[in-house]
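Generate coordinates for the sequence data below:
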Amino acid sequence: MSTKPAGQRTFENERAAFRRIAELPDHVFAEFEGALHSLVYQYSTTNYENRHVTGAAVELLMKCLLELAYMHVDAVGGESKGIDLASSDLRISVKSQFSGFSDLRLRNVMGTGGAEQSSLNNAWSEAMLMLIPGIGLVYGDPESTTLSGGLQWSGDALILKKQAIAQHVREKPQWVRRFNVPKNDRIVRKVASDFIVEALLTDPRFPSLQRALKRKESSASRLGRLTELEQLRLSGTLDDAEYEQLRSETLKD
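Numbering: from 1, shown residues only. So this is what the prediction gives:
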């Protein structure tokens, strides 16, 4: 039985939800890992626009895990401040990192004039699922003294320090589901708005715009391929001879 004061919520439901996710079979997490890899590979978060779109996509993929664990939630990140997945008895924030393990930005407070930054009391109020490179899926909530002790205001944001997350992972392995979170390779292959416009212009009412877009795509595809080849050469994946051959083939296309 909870000893919390009346009106103060606990996180028993969110913890139970994480335990059920963590018990999903390995093949489900293999699919989840593969979907994340495809997402980050195609829509690199190096592009600022893609960061917002991939964040929303990760929320939907996390919703899939909850559904497979027989828990229905709605994706509400676009309409609810601080909550991304919710039901009548669950409130969860989803945070992801694909550039490497670093401090985690929990909240932005731009435009508040700094009024919200006077204290850390109640600055963080929701359970959180974190996707951390090199670790996997990590659960945390404000009742964790380790995580709460790692909060700080930095500029216009509430930050959870990397060291606090690492300590939480060491001390509370029951709140970690290990798997390989993909890292962003910094090659921008697609931008989300391009996909939207492509779908929009399949409408036969826009033939001129469709022709113009195809010319743009042809040029962008070649430039993108050349950029990717250069990145692969610099990383040592391609030697100079392989690079020159592939570059020549790309320019002939």
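
Tell me how many other residues surround the residue nearest to A69 when sequence neighbours are not counted.
Leaving aside its chain neighbours, A69 sits nearest to R20 (4.0 Å; criterion: CB to CB, 6 or more residues apart in numbering). Using the backbone N, CA and C atoms, a C-beta is placed for each residue, glycine as well. The tally of other residues near R20 (other CB atoms under 10 Å) stands at 15.

Can you say which helix or strand has R20 in it?
helix 12-22 (DSSP states H and E).

what helices or strands is that helix leaning on?
Here helix 12-22 touches helix 48-68, strand 91-96, strand 127-132, strand 136-140, strand 176-178, going by 3 or more CB pairs under 8 Å, 6 or more residues apart in numbering; DSSP states H and E.

now the angle between strand 91-96 and that helix, please.
Angle of helix 12-22 versus strand 91-96, following axes from the mean of the first three to the mean of the last three CA atoms, to 10 degrees, is 50 degrees.

Relative to F206, which of the helices and strands packed on helix 12-22 is closest?
helix 48-68 (22.2 Å; CB to CB).

immediately after the closest one, which helix or strand?
strand 74-75.

Which strands and helices lie in contact with that next one?
Checking 3+ CB pairs under 8 Å, 6+ apart, strand 74-75 ends up next to helix 48-68, strand 85-86.

Deepest in the core, which of these is it.
Sort those by mean neighbour count, taking mean count of other CB atoms under 10 Å, and strand 85-86 sits at the top with a mean of 22.

Touching that one from outside, list them.
For strand 85-86, the external contacting residues (CB atoms under 8 Å, 6 or more residues apart in numbering) are 59, 62-63, 66, 73-77, 80, 92, 94.

swap the cut-off to 10 Å and go again
Strand 85-86 has contacts (CB atoms under 10 Å, 6 or more residues apart in numbering) with 14, 17, 59-60, 62-63, 65-66, 71, 73-77, 80, 91-94, 126-127, 129.

Would you mind checking the average pLDDT for it?
Averaging pLDDT along strand 85-86 gives 96.

Over to stretch 129-142?
Averaged across stretch 129-142, pLDDT comes to 97.

what's next to stretch 35-45, contact-wise?
The contact list for stretch 35-45 (CB under 10 Å, 6+ apart) reads 46, 49-55, 57-58, 60-61, 64, 96-99, 131, 179-192, 194-195.

ok, back up a step: kindly export the helix holding R20 (C-alpha atoms) in CSV.
Only the C-alpha atoms of helix 12-22 are listed here, as CSV (Å, rounded to 0.1, in the frame of the first residue of the first chain):
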residue,chain,number,x,y,z
GLU,A,12,3.7,1.9,-9.7
ASN,A,13,1.9,1.6,-13.0
GLU,A,14,4.8,3.0,-15.0
ARG,A,15,7.2,0.6,-13.3
ALA,A,16,4.9,-2.3,-14.0
ALA,A,17,4.7,-1.2,-17.6
PHE,A,18,8.5,-1.2,-18.0
ARG,A,19,8.8,-4.6,-16.4
ARG,A,20,6.3,-6.0,-19.0
ILE,A,21,8.2,-4.3,-21.8
ALA,A,22,11.5,-5.7,-20.5
